[in-house]
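1. just to be clear, the model below is a prediction. Sequence and coordinates:
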Amino acid sequence: MTQLLLEQALNGLQFGLMLFLLAAGLTLVFGIMDCINLAHGSLYMVGAYFVAAAAQAADSFWIGLGAGVAAAAVLGLLLEVALFRRLYQRDHLSQVLATFALILIANEAVRLIWGPAPLMLNPPESLAGPVEIGNFFYPAYRLVIIAFGVAVAALLYLLVAKSRVGMWVRAGAANREMTEALGINVRALFTAVFVFGAALCALAGGLLGPLLAVQVGMGESVLILAFVVIIIGGIGSIRGALVGSLIVGTVDTLGRALLPTLLRAILPADAASTLGPALASILIYLLMAGILFFKPQGLFPSRA
Amino acid sequence: MAFYRPAAWQKPLSLALLCALLALPTGLEALGQEFYIGFATRVLIFALAATSLNLVLGFGGMVSLGHAAFFGTGAYVAAICEQAGIAEALLAFPLAMAAAGLLALAVGAISLRTRGVYFIMITLAFAQMAYYLFVSARAWGGDDGLSLSRRMTLAGFSLASDTALFFAALAALTATMLLFGRLADARFGRALQAIRENETRMEALGYPVFRYRLVAFALGGALAGLAGALLANQTGLASPGLLQWTQSGTLLVMVIIGGVGYLYGGVVGAVVLLMLEETLVGFTEHWHIVLGLLLLGVVLFAPRGVAALFGKRHG
């Protein structure tokens, strides 16, 4: 039992850290420019496709990852300059419509270029096997993902909390007009944030590619989770995004693994087998509704 | 935004449109194009669903990204009724509306505590909960959904033929539009729009802002439930796909294309989007790209929607 618990906790941590890569970019886009980007999940999908295609072409996972992330950053730059700049001043409704349109375009474009079948992405051979931790085996590749997640989170923390650019970003999220009045070029800052967010999306997509299938529609399900994360954490807050990601990742993974067993202990088997999966899949939404009920601004509100 | 006021020629145009629609099945049969009766029914049903969202979004100013939950609930209640042997639409449809309306009441009571982006996201979260509940409910078909063995009867008349169902959908939409038109011009509608414009002021004037919004939200949910029940009858299936968040997005797109806050915004949007879909599918299987580009065009160049060209607002 402890083994299962430990393994699932590690899975939850890994899932949470990947969610953080997505949520970090999203929460800043939301926080600084007050712009709803439903297409953030599409950047994740397109990024995963870029990585998979590049890895196949170069026959190396790591080269593919680097090239894919760079390509996604370029795509992010193009999107920001060509489209998103026009959306910042518009109401939320227009942003929802425009980015919903982007989802349609991205899904169909991917289907057009790579076909409807999922793309295979293999992890590097040296990491394909399991490693022994204490008294159980855990896939080495998943440990690498966790390491990547921790490294990026630490880097982001240093960048946002300690650097001058990070200070501008936080100031922009707290009060955009005031920041502009102080002479910071928020527009250029935002382009940088958006591009960085797109690169993080591709990194998450590429790293998760060998675990999940690289396929059309992979962005939508993860997008909703990323939204849940930033709502729980508080829009515009990197710290909130990290805490929210870890909460959502752990609760979701542990809930799916343990809830059916727990329910079987207190309910008749028939009811438990129906209720278990249902409850596990809505657990994080219940959590979010509960948190919003008591703290309508999320756990770490960035705006006073 | 300003208050809604119908253009002088809106009433005669509506009547003319209604007459044309009444004659549509006969006309299509005469032309040997019976296939399009089913398509027209689908358009009417989605016009109803989009109109119900327009009440919430356009008149109430509440950007809900969870409207499909009520739409899908209506469909499921209809299917459950049919399976339970209740094949009379006069009984099943009000049940579907009541279930969807009550769900909307509960969701609204919690969601309306939040504002702006948080409201969008919490409605989305509730819709996702409903989606996963239906997906995992094995008694109701789980992933596969719940099918109807046959269409219902309405006051004893069978809805089995496409023409009968067309008239049922037309009746539902007409009644909704009449109700909606009255509401928009009545005290309730005015207060609702005033709340959309300036919530603080209405609060200060002593209006129960929360209650007005909640009633509009629940009414929108109930009407979406009616649309769902009709759709379940047409397709013979209540599937969890109806509750997916992309369905909420599609309804939102219809209202925005049609014109947010215009009486006919939802109808125009449904007609435009479904006709576009029907036309584009004929040209290419990748019609989503074209649709996406067109939507981007609407956002950038015609932000107030198509119905804005047909209705006046006064400030």
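-> Here it is on my side, so go on.
2. got the phi/psi numbers for A:G219?
-> Phi and psi for A:G219, reported as degrees, to the nearest 10, are phi -70, psi -30.
3. can you check A:A117 too?
-> Main-chain torsions, A:A117, degrees, to the nearest 10: phi -80, psi 140.
4. ok, for it, nearest residue in space, not its chain neighbours?
-> A:Q215 (7.9 Å; CB to CB, 6 or more residues apart in numbering or on different chains). Just so you know, the C-beta spots here come from the backbone N, C-alpha and C atoms, and that holds for glycine as well.
5. cool, B:M202 as well?
-> B:I195 (4.8 Å).
6. next: B:D143.
-> Once flanking residues are discounted, B:D143 sits nearest to B:V135: 6.0 Å by CB to CB, 6+ apart.
7. pull the number of nearby residues for the one you found.
-> 22 (other CB atoms under 10 Å in any protein chain shown).
8. ok, A:A181 next?
-> When counting by other CB under 10 Å, one arrives at 9 neighbours for A:A181.
9. let me see the contact set for B:A227.
-> B:I45, B:F46, B:L48, B:A49, B:S52, B:F71, B:G74, B:A172 (CB atoms under 8 Å, 6 or more residues apart in numbering or on different chains).
10. which residue is the nearest non-sequential neighbour of whichever residue of the stretch 201-304 of chain A sits closest to chain B?
-> Using CB to the nearest CB, the closest approach of the stretch 201-304 of chain A to chain B is made by A:A278 at 3.7 Å. Spatial nearest neighbour of A:A278, chain neighbours left out: B:S136 (3.7 Å); criterion: CB to CB, 6+ apart.
11. what residues does the stretch 151-300 of chain B put near chain A?
-> By the rule CB under 8 Å from any CB of the partner chain, the part of the stretch 151-300 of chain B lying against chain A is B:245-246, B:249, B:252-253, B:256, B:260, B:286, B:288-289, B:291-296, B:298-300.
12. recalculate using a threshold of 6 Å.
-> Counting by CB under 6 Å from any CB of the partner chain, the residues of the stretch 151-300 of chain B close to chain A are B:G249, B:I256, B:H286, B:H288, B:I289, B:L291, B:G292, B:L295, B:L296, B:V299.
13. what's the helix or strand for A:E132?
-> strand A:130-133 (DSSP states H and E).
14. got the CA coordinates for that strand in CSV?
-> Extracted C-alpha coordinates of strand A:130-133, given in CSV (Å, rounded to 0.1, in the frame of the first residue of the first chain):
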residue,chain,number,x,y,z
PRO,A,130,13.0,1.6,-14.7
VAL,A,131,15.3,2.6,-11.8
GLU,A,132,15.1,1.2,-8.3
ILE,A,133,14.2,3.7,-5.6
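15. contacts for it, please.
-> A:F137, A:P139, A:A140 (CB atoms under 6 Å, 6 or more residues apart in numbering or on different chains).
16. quick one: buried ones out of those residues?
-> For those, a neighbour count by 16 or more other CB atoms under 10 Å in any protein chain shown gives the buried set as A:P139, A:A140.
17. and for whichever residue of the stretch 1-150 of chain B sits closest to chain A, the neighbour number?
-> Nearest to chain A in the stretch 1-150 of chain B, going by CB to the nearest CB, is B:S136, at a distance of 3.7 Å. Neighbours of B:S136 under the rule other CB under 10 Å: 20.
18. related to what we said a few turns ago, the residue of the stretch 201-304 of chain A closest to chain B against B:V135, yeah?
-> No: when contacts are counted by CB atoms under 6 Å, A:A278 is not listed as touching B:V135 (8.0 Å).
19. shaky segments in chain A?
-> A:1, A:302-304 (pLDDT under 70).
20. separation between the residue sitting furthest away from the middle of it and A:L275?
-> Distance from the C-alpha centroid of chain A, by CA atoms, centre = their mean, peaks at A:P268 (37.2 Å). Taking CB to CB, to the nearest Å as the measure, A:P268 falls 10 Å from A:L275.
21. is the residue nearest to A:A278 in contact with A:L279, as I believe?
-> No: between B:S136 and A:L279 there is no contact under CB under 6 Å: 8.5 Å.
22. what helices or strands is the helix or strand containing A:L189 leaning on?
-> Element membership for A:L189 (DSSP H and E) is helix A:186-208. Secondary-structure packing of helix A:186-208 (3 or more CB pairs under 6 Å, 6 or more residues apart in numbering or on different chains; DSSP states H and E): helix A:2-33, helix A:40-58, helix A:61-79, helix A:176-181.
23. could you redo the last one with a cut-off of 7 Å?
-> Using 3 or more CB pairs under 7 Å, 6 or more residues apart in numbering or on different chains; DSSP states H and E as the contact test, the elements touching helix A:186-208 are helix A:2-33, helix A:40-58, helix A:61-79, helix A:164-174, helix A:176-181.
24. quick one: neighbours of residue 289, just the number.
-> This is for chain A. When neighbours are counted by other CB under 10 Å, A:A289 comes out with 19.
25. wrong one, I was asking about chain B
-> Counted with other CB under 10 Å, B:I289 comes out at 19.
26. for it, give me the pLDDT.
-> Note for B:I289: predicted pLDDT of 89.
27. who's in contact with it?
-> Applying CB atoms under 7 Å, 6 or more residues apart in numbering or on different chains to B:I289 gives the contacts A:I105, A:E108, A:A109.
28. hmm, 6 Å instead?
-> Contact analysis of B:I289 by CB under 6 Å, 6+ apart lists A:I105, A:E108.
29. contacts only, for the residue of chain B most remote from its centre.
-> Residue farthest from the centre of chain B, counting by CA atoms, centre = their mean, is B:A204 at 32.5 Å. Contact analysis of B:A204 by CB under 6 Å, 6+ apart lists nothing.
30. tell me the pLDDT of it.
-> So, for B:A204, pLDDT stands at 93.
31. that one and B:A194: what is the separation?
-> Separation of B:A204 from B:A194 (CB to CB): 12 Å.
32. what about the spatially most central residue of chain B, which SS state?
-> In chain B, the residue lying closest to the centroid (CA atoms, centre = their mean) is B:A49, at 1.1 Å. For B:A49, the assignment made with DSSP: H, G, I helix; E, B strand; the rest coil gives helix.
33. over to B:Y207?
-> Going by three-state DSSP: B:Y207 is coil.
34. can you map out the strands along the stretch 201-315 of chain B?
-> B:237-238, B:312-314 (DSSP state E, counting those that start in this stretch).
35. of the ones you listed, which shows the lowest average pLDDT?
-> strand B:312-314 (a mean of 44).
36. and the helices in the stretch 201-304 of chain A, which stretches?
-> A:218-233, A:238-266, A:269-294 (DSSP state H, counting those that start in this stretch).
37. looking at those, which one is packed in the most?
-> helix A:218-233 (a mean of 25; mean count of other CB atoms under 10 Å in any protein chain shown).
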